[in-house]
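Student: Okay, structure incoming, though there's no sequence with it:
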């Protein structure tokens, strides 16, 4: 089985920082380094949206609203993906999900086969 578990969410004031972690486990991720990994978020009443993605070669892409504030990284030796979030804004409030794509990273949720359960990030003004 394949399992993704997010952690690191919480309540933070605007302008603050949080780092989310995603741990991948199970036989599916024995070749974790080959997976494209993504972070998505979903606010109440809104659709799930792409936040950031990192390819097998560490190439990264971001949604425009988080460029310069968020940084995605991965540690293939530990089967981990991280999302460092700085200068947080109330609009960043959402449940954040980690996702894995067997091939290339994508901006659409349909490009990912495996999902975590999500972690709540709340940014107060």
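Tutor: Done, it's in. This one's a predicted model, so the numbers in the text were calculated from it and none came from an experiment.
Student: Just the buried residues of stretch 54-63, please?
Tutor: Across stretch 54-63, burial judged by 16 or more other CB atoms under 10 Å covers 54, 55, 56, 60, 61, 62, 63. C-betas here are computed from N, CA, C, even on glycine.
Student: any weak-confidence spans in this protein?
Tutor: Of all residues in the chain, none has pLDDT under 70.
Student: what phi and what psi does the backbone show at the residue nearest the centre of the chain?
Tutor: Central residue of the chain (CA atoms, centre = their mean): residue 39, 2.3 Å from the mean position. Phi and psi for residue 39, reported as degrees, to the nearest 10, are phi -120, psi 130.
Student: Next, the contact list for it, please.
Tutor: By CB atoms under 8 Å, 6 or more residues apart in numbering, residue 39 lies in contact with 20, 22, 51, 52, 53, 72, 81, 83, 96, 97, 98, 99.
Student: Same check on residue 112?
Tutor: 38, 99, 100, 101, 106.
Student: what do you get if the cut-off is 10 Å, keeping everything else the same?
Tutor: 4, 35-38, 40, 50, 53, 97-102, 105-106 (CB atoms under 10 Å, 6 or more residues apart in numbering).
Student: go on, residue 30?
Tutor: residue 79.
Student: quick one, strands of this protein?
Tutor: 3-7, 10-13, 18-25, 36-42, 49-54, 60-62, 70-75, 80-85, 94-101, 114-115, 119-124 (DSSP state E).
Student: Please identify the deepest-packed of those.
Tutor: Greatest average neighbour count among those goes to strand 36-42 (a mean of 24), per mean count of other CB atoms under 10 Å.
Student: what inclination does that one have with respect to strand 119-124?
Tutor: 50 degrees (axes from the mean of the first three to the mean of the last three CA atoms, to 10 degrees).
Student: Test my guess that residue 38 contacts residue 113.
Tutor: No. When contacts are counted by CB atoms under 10 Å, residue 38 is not listed as touching residue 113 (11.1 Å).
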